[in-house]
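>>> Quick one, what's the 3D model for this:
(one chain, ligands or ions: 1)
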Amino acid sequence: MAPRAVKGKSKTHQDTGRVLKRKRGEDSLATLIKQVEDLDLKAPVKNFSDLPLSEPTAKGLSASHFKTLTDIQSRAINHAFKGRDILGAAKTGSGKTLAFLVPILENLYRKKWTELDGLGALVLSPTRELAIQIFEVLRKIGRYHNFSAGLIIGGKSLREEQDRLGRMNILVCTPGRMLQHLDQTAMFETNNLQMLVLDEADRIMDMGFQKTVDAILDHLPKQRQTMLFSATQTKKVGDLARLSLQEPEYVSVHEAAASATPSTLQQHYTVTPLPQKLDTLWSFIRSNLKSKTVVFLSSGKQVRYVYESLRQLQPGISLLHLHGRQKQGGRLDITTKFSQAQHAVLFATDVVARGLDFPAVDWVIQMDCPEDADTYIHRVGRTARYERVGRAVLFLDPSEEKGFLKQLEHKKVPIEKINIKSNKQQSVKNQLQNMCFKDPELKYLGQKAFISYVKSIYVQKDKETFKIKELPLEEYAASLGLPGAPRIKFIKGDNAKERKNESWRMAHMSGDDDSETEKKKDEKEVRTRYDRMFERRNQGVLAEHYSKLINDDGTMVATDAPKDAGAEIDDEADEDADFLSVKRRFAAGDAELGEDSDSSGSEDSDAESKTKDAKDVKMVHLDGQDPLLIDSKRREKLLKSKKKLLKFKGKGTKLVYDDEGNAHEMYEMEDEDAFKARGDANAQREKFLEGETERTRQADIEDKEVMREKRREKKEKRKARERAEAEADMSEEEGGLSHLPHVPFEIPGSDSDSASERDESRPSKKQRVSFAEPDSDDDKPKSKKSQASVKPIETLGDLEALASGLLG
Ligand SMILES: Nc1ncnc2c1ncn2[C@@H]1O[C@H](COP(=O)(O)OP(=O)(O)OP(=O)(O)O)[C@@H](O)[C@H]1O
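Numbering: from 1, shown residues only. Below you'll find the predicted structure:
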């Protein structure tokens, strides 16, 4: 009894405790709501502790070491608390992420949002990497809340995401994947959505995402709070109307500032002719081995080639590369590696231009001119973030200088010219030519890089800056180590005439053009060994994969890249195929001579060559075949090749010889009498079947054994390769770091030996992680820490776990 009485008493106590607790909770919520109502929008807020915050958010911010607000946070958060629509603009690295995440947590908290209420807030990000980063920050500051939060960026099965979606209160996502779910996930309801955030809003509202975003907006309720943030904010009336903004508050903290970029950022440009850019980049890297640098290039193929080629030259610093065609897992690994690295160079496309917060980046190099000043601002914003210093250098071809500087001036970007010290400039051209000659795969990458660069210039809208006709493309190709500029044919678009001429011009510049090459050869006075090597016509013999690139009809096609060249090349090749094609006449199978002239259009060059061809066209007759036309010496030679001609001959018959040397066909009918003499036909059939069954069984056993053996070998090889790679990686990181040559730029107020200064100015490792490492929060009790600890994302598995990261 007694125990029962005690138990009963304790239950009553518990109930009373629970009621009291609930009451206290309700009281404090009412107080919080009142405080927000009374919030003075004009009074600046300095510390997070001065804001009316719920306990879980306050704890999350403090555990993540956020104490004082940045300008944009101080000016945007209180408006957002009151439910206003916001257009937030502030320089890169000024803390815009918290300016929308804190209001999301708080507004849902004050509305007592639970799992049953469904989706309350949606954050759209233009890239996966940025979405992951936003989600990480949300996890850190939201770890004491009971909301469920998900990351929807693709890269894993739709089904898995679908199962979880229905339970999410906050979603961070990329537009494409979000729309897929809105269209395809039956249980996914957005009727209750309270808040929509567009990070990098101008990017999300631009042409590239227009249709997707409009379709997403169609699914969302019109009555909601909408917040747009960017360093280069959109104010286009059309965009705002599309978003149904209601009297938005325009919070622009740096509008009156003298520059659109952080004041702690030193910005320079150098005029470097296109063919010297790679040399300049190499010299820069060699001079800054103790720095952390992001190098921007215009396309994934450029990134790939520059990374692969410079890696082989072993600069003495870790090189990494990142572009949109890499697999998600790989991209994640690279961002993590670069974030953690102290000294490294990351070659990247604009996929990392916006929003990414790599710690302590010293330099941003723009090897290829960005498409506009806004992209420039975002790219340079990867350094000099949150009160840190940073430097940026833009490489401009002489033809780009005037036009682009005008754009920068218009956007209030202060930039100074610097010169490259010629004695510090090192050339890699010869080494690259050598490497490309020996390694056809590298040459293939180089050709793709060349084409994609030309394409990127060609498609630019700003013709005042990007003047394709003024670029020395032949020299540029040589600087990449290529034997000649790949021939490019423009096949789509609106200015057909111009492109036709361009195609003609480029065709004439091409090293692959027979007549042109001949002419050039004559003009050249001195020919080097490499000149001769690259003039060889039979380079296909060296490079097996070239034949894979060439269809039977002799045209270049989007096709499988060499296996180890990486999967992304395949996709990219497809991409190029609709816009550009590389013309090559290569294989002996060029017997259908009409093809080439058709495919090359009716440019003057073709007209010329046709006239020339007509003079000495010959015919070759093969047994039983239509006559083949020969219109050039090369084809004549090719058609004399026995091997090539085999293709046109009929199929042979296989013969076997008996002991007397008589030839027989492989399969001959047996003489009927001999067959009968061997016994009953049925018995013979059964015996034959038994024999064959046994033979098949044996063969099967042997095959299985062979397969097992092959698998074993493959596994061992893979392991050995992984071991070797791991060792190579280590030695790459260790190799040559002691060299510290001079900075090749004459930068006002800087000198080549300032690397060590920079190192000193960089906070120690512990300081650097101060905002990002919740677990270093020693004053919290251990048990709580373990309950809400936030691990960094390292693998795709981690990412999956994140999808329900905040589930209470
Ligand atoms: N209140 C704060 N106190 C200290 N550090 C902060 C604060 N707010 C943000 N930071 C830090 O500043 C850095 C930049 O923040 P964030 O990524 O939000 O910038 P951003 O304005 O979104 O930049 P971008 O325009 O490039 O996207 C981050 O490392 C973040 O942790």
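>>> any low-confidence regions in this protein?
Low-confidence segments of the chain, defined by pLDDT under 70, are located at 1-11, 491-653, 726-808.
>>> Near the ligand, which residues of it? Just list them.
Those residues of the chain that sit near the ligand, judged by C-beta under 6 Å from any ligand atom, are 66, 68-70, 73, 90, 92-98, 231, 355, 357, 381, 385-386, 771. Every C-beta, even on glycine, is put in place using the N, C-alpha and C of the backbone.
>>> Filter those down to just the ones in strands.
Assigned to strands by DSSP state E, none of these qualify.
>>> Filter the residues you listed down to just the ones in helices.
The members of those that map onto helices under DSSP state H are 73, 96-98.
>>> Pick out the most distant pair among those.
The span of those, defined through C-beta to C-beta, is set by Q73 and T97 at 9.4 Å.
>>> ok, those two, which is more surrounded?
Q73 (27 against 23; other C-beta atoms under 10 Å).
>>> in the stretch 151-300 of the chain, which spans are helices?
Ranges of helices in the stretch 151-300 of the chain, per DSSP state H, counting those that start in this stretch, are 158-165, 175-184, 201-204, 210-219, 237-242, 277-287, 300-312.
>>> closest one to F395 among those?
So among these, helix 277-287 is nearest, using C-beta to C-beta, at 5.3 Å.
>>> Against which helices or strands is that closest one packed?
On a contact count with 3 or more C-beta pairs under 8 Å, 6 or more residues apart in numbering; DSSP states H and E, helix 277-287 meets helix 300-312, strand 390-396, helix 429-438, helix 473-479.
>>> Now do it against helix 429-438, angle only.
Relative orientation of helix 277-287 versus helix 429-438 (axes from the mean of the first three to the mean of the last three C-alpha atoms, to 10 degrees): 110 degrees.
>>> by how many degrees do helix 277-287 and helix 300-312 diverge?
Taking the same axes, to 10 degrees, helix 277-287 and helix 300-312 form an angle of 50 degrees between their directions.
>>> one step back: okay, the helices and strands packed on helix 277-287 in JSON lines with distance to A257 and mean neighbour count next?
Rendered in JSON lines, the data for the helices and strands packed on helix 277-287 read as follows (distance: least, C-beta to C-beta, whole Å; neighbours: other C-beta atoms under 10 Å):
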{"stretch": "helix 300-312", "distance to A257": "33", "mean neighbour count": "24"}
{"stretch": "strand 390-396", "distance to A257": "17", "mean neighbour count": "25"}
{"stretch": "helix 429-438", "distance to A257": "43", "mean neighbour count": "18"}
{"stretch": "helix 473-479", "distance to A257": "38", "mean neighbour count": "20"}
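>>> still on that earlier bit, please pick the buried ones from the residues of the chain next to the ligand.
Of all the residues of the chain next to the ligand considered here, the ones buried according to neighbour count by 16 or more other C-beta atoms under 10 Å are 66, 69-70, 73, 90, 92-98, 231, 355, 357, 381, 385, 771.
>>> ok, for Q447, nearest residue in space, not its chain neighbours?
Across the structure, with C-beta to C-beta, 6 or more residues apart in numbering as the measure, the residue nearest Q447 apart from its sequence neighbours is P486 (4.7 Å).
>>> So the one you found sits against F450, correct?
Yes - the pair P486 and F450 passes the contact test of C-beta atoms under 8 Å, sitting 5.7 Å apart.
>>> list the residues that contact both of those two?
Where contact means C-beta atoms under 8 Å, 6 or more residues apart in numbering, the residues bridging P486 and F450 through contact with each are A477.
>>> where's K235 relative to Y250, distance?
Between K235 and Y250 the distance, using C-beta to C-beta, to the nearest Å, works out to 8 Å.
>>> what touches both of these two?
Common neighbours of K235 and Y250 are listed as L87 (criterion: C-beta under 8 Å, 6+ apart).
>>> contacting residues around the residue in the stretch 101-250 of the chain that the ligand sits nearest to?
For the stretch 101-250 of the chain, the residue closest to the ligand is A231, as judged by C-beta to the nearest ligand atom, at 4.1 Å. For A231, the residues meeting the contact criterion (C-beta under 8 Å, 6+ apart) are 89-92, 94, 96, 260, 377-378, 381.
>>> Dihedrals phi and psi, it?
Geometry field for A231 lists phi and psi as phi -80, psi -20, criterion degrees, to the nearest 10.
>>> now the helices of the stretch 151-300 of the chain in CSV, with distance to T293?
Formatted as CSV, the helices of the stretch 151-300 of the chain follow (distance: least, C-beta to C-beta, whole Å):
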stretch, distance to T293
helix 158-165, 36
helix 175-184, 30
helix 201-204, 24
helix 210-219, 33
helix 237-242, 34
helix 277-287, 7
helix 300-312, 12
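>>> Among those helices, which comes closest to E475?
helix 277-287 (11.1 Å).
>>> hey, C-alpha coordinates of the closest one in PDB?
Extracted as PDB, the C-alpha positions of helix 277-287 are listed here (Å, rounded to 0.1, in the frame of the first residue of the first chain):
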ATOM      1  CA  LYS A 277      47.000  33.800 -68.700                       C
ATOM      2  CA  LEU A 278      48.000  30.300 -67.800                       C
ATOM      3  CA  ASP A 279      51.600  31.400 -67.400                       C
ATOM      4  CA  THR A 280      50.600  34.200 -65.200                       C
ATOM      5  CA  LEU A 281      48.400  31.900 -63.100                       C
ATOM      6  CA  TRP A 282      51.200  29.400 -62.700                       C
ATOM      7  CA  SER A 283      53.600  32.100 -61.700                       C
ATOM      8  CA  PHE A 284      51.100  33.400 -59.200                       C
ATOM      9  CA  ILE A 285      50.600  30.000 -57.600                       C
ATOM     10  CA  ARG A 286      54.300  29.400 -57.400                       C
ATOM     11  CA  SER A 287      54.700  32.700 -55.700                       C
END
